[in-house]
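Asker: show me how the following folds:
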Amino acid sequence: MVEDEYAIREGIKKSIRWERDGFELVGEAGDGEVAFPKILKTKPDILITDIRMPFMDGLELSRLVKKEMPGIRIVVLSGYDDFNYAREAISIGVEEYILKPVSEESLMEELRKLADSVRAERRDDEAKIKYMRDREEIRMLEQQKFLHDMIGGKLSIQDSLTLGKELGIDIAAEFYSVVLMHVFSGKGENNIDAYSGTKEEIYSRVKAIYNDVDNVYLYEQVGDVLCFLEKADSPDEMRESILKGIDTIKNVMKDYKDVLYFVSIGKPVERIRDVNISYEDASRKFAERYMLDESCVFYEESGEKPVIRPDRRNLSSDIDLTSIDVNMISQKTILHFLKNGTLSEIGDFTEEYFASMGKEAVESLMLRQYVLVEAMLSAAVFMKDIGKEDGRTDELPKELSNPMEYVSTAESAKDYIRRLLESMLEYRNRISDMKYTETIEKAKTYIQENYQNDDMSLQTVASVVNVSTNHFSAIFRRETGETFIDYLTSVRMEKAKTLLVCTAMKTSDVGFEVGYRDPHYFSYIFKKTVGMSPKEYRKSKKES
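Answerer: Next comes the predicted model:
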């Protein structure tokens, strides 16, 4: 309260029982100049001020306070019935203009009105915050799509900057580098379609670490690969950031002894349009992970032990298979890729697969025959693993059923491997799509039967259907055309409509019945979704 006349100030203070009516007097002053810093410090919801005071009058004070605290309610007390004063007060945003002398009853009546307004606005603000938090899934998907498209070279520079800013992603920098991370079970349980609580826990920990890091953005790709976009303003800053990131991942992985992890760092680039080049460089090196039995970081400057490949110097064209590391061309390598690889990785994997044998070894007809037969056997094992009873590969095009037709040259052998992998992965993906449909139907059934639970979330439903949260969010939107939260809200609103029309339940009870413990939030969501409040909806249906 700001009033230059001490007697009036004391009279107002003592005549009103503040606590009884739900108020707290947090400060007082004799003029606006003294009051202003106190107001900024205590941040009251309502300001009562006289209009004429020395040093700084009530209108000037109101103008300054409104600029710093737009939501504050201001009551001006004036001994002057002057239209110009009132008009200026209204233009400033003063809620009430009261002439002196003012009685306790009339002042309290105005204060109660303002208090109700403050509470309603506060409830609305809380509802908006909860609404935005509930819809974080949508923002997450939009950010992931943006990063995927930008790194994939699908966006112009202008679109990258503009869209990134809208999504809270500032990509402007001098240098960029793409980093990829993938984890496998060290016990062979590495089927890409299998839910792994351990993998999700690892990725969640890594994401949490980078939540507040300004120079790194990440998203989860198809195939459960984490993709990081690193940015920096100098080569040294980039190198320092990358090495720090490698140490961060290593520290996380110390807690998971049976899990293999792979990190690949793409070469730094200086232009946004070249980010895709860094991504392709990281992907090419990353393809080698399917041939390794130990965790590895693919980064020349990291000081990591280099990947050991067979000694290629003494290999002749009539090579003896016993002279090379047959593990590099065994069924395990192809089978590993068939379970975990993606269609976009086939080219890089094939090149790395053949490069691991050495140029001279690949020129051996006998080795090429061995490789292609092993590849066909891997496909048969894979078919059996994903549900084909006898492991027959009759899903393959006929021309791939005889690998010996492709052994004449190294390029034809590579072509066979590429086409074999493509056919197998396409079949795997078709099987996965059918499983996804079953998964989504199971999720929808669970939502229909449990929508009353106010703690239902994306995470809880994902765990029920045994799929990682990120993966579930993506496939739910793909299969249903809407996000999880939109579907859940739709189910709840339809149930609420039925209860509003067919029962006499209070709107607060209706909200509770469909999963909203906060009546105000239920009304907020209902109006946001349906276009009218629950009471208006009930009335409209009874009148129609």
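
Asker: show me where pLDDT drops low in the stretch 1-150 of the chain?
Answerer: 81-83, 135 (pLDDT under 70).

Asker: go again with 90.
Answerer: Where the stretch 1-150 of the chain drops to pLDDT under 90, the residues are 1-35, 48-63, 66-67, 70-72, 74-150.

Asker: which element is residue 360 on?
Answerer: Using DSSP states H and E, residue 360 maps to helix 359-362.

Asker: what's that helix packed up against?
Answerer: Packing partners of helix 359-362 (3 or more Cβ pairs under 8 Å, 6 or more residues apart in numbering; DSSP states H and E): none among the helices and strands. Backbone N, C-alpha and C define where each C-beta goes, glycine included.

Asker: after that helix comes which helix or strand?
Answerer: Next along the chain from helix 359-362, counting by DSSP H and E, comes helix 365-385.

Asker: circling back: how about the helix holding residue 360: buried residues?
Answerer: When burial is assessed from 16 or more other Cβ atoms under 10 Å, helix 359-362 yields the following buried residues: 361, 362.

Asker: how many other residues sit next to residue 511?
Answerer: 25 (other Cβ atoms under 10 Å).

Asker: who touches the closest residue to residue 527 other than its chain neighbours in this structure?
Answerer: Beyond its immediate neighbours in the sequence, the residue positioned closest to residue 527 (Cβ to Cβ, 6 or more residues apart in numbering) is residue 533, lying 5.1 Å away. Taking Cβ atoms under 8 Å, 6 or more residues apart in numbering, we find residue 533 in contact with 523, 526, 527.

Asker: most neighbours out of the residues you listed, which is it?
Answerer: Counting by other Cβ under 10 Å, top hit in these: residue 526 with 27 neighbours.

Asker: what residues does the one helix or strand that one maps to touch?
Answerer: According to DSSP H and E, residue 526 maps onto helix 519-530. For helix 519-530, the surrounding residues in contact (Cβ under 8 Å, 6+ apart) are 123-124, 126-128, 130-131, 489-490, 492-493, 496-497, 507-508, 510-512, 514, 516, 533-534, 537.

Asker: buried among the residues you listed? Need that as a selection in ChimeraX.
Answerer: Selecting only the buried entries of those in ChimeraX, with 16+ other Cβ under 10 Å as the criterion:
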select :123,127,489,492,493,496,497,507,508,510,511,512,514,516,534,537
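
Asker: in the helix holding residue 526, what's buried?
Answerer: Quick answer for helix 519-530 (16+ other Cβ under 10 Å): 519, 520, 521, 522, 523, 524, 525, 526.

Asker: centre of the chain to the helix or strand that it is followed by, how far?
Answerer: Toward the C-terminus, helix 519-530 is succeeded by helix 534-543 as the next helix or strand (DSSP H and E). Put simply, helix 534-543 sits 38 Å off its chain's centre (Cα atoms, centre = their mean, to the nearest Å).

Asker: which other helices and strands contact helix 534-543?
Answerer: Packed next to helix 534-543, using 3+ Cβ pairs under 8 Å, 6+ apart, are helix 484-502, helix 507-513, helix 519-530.
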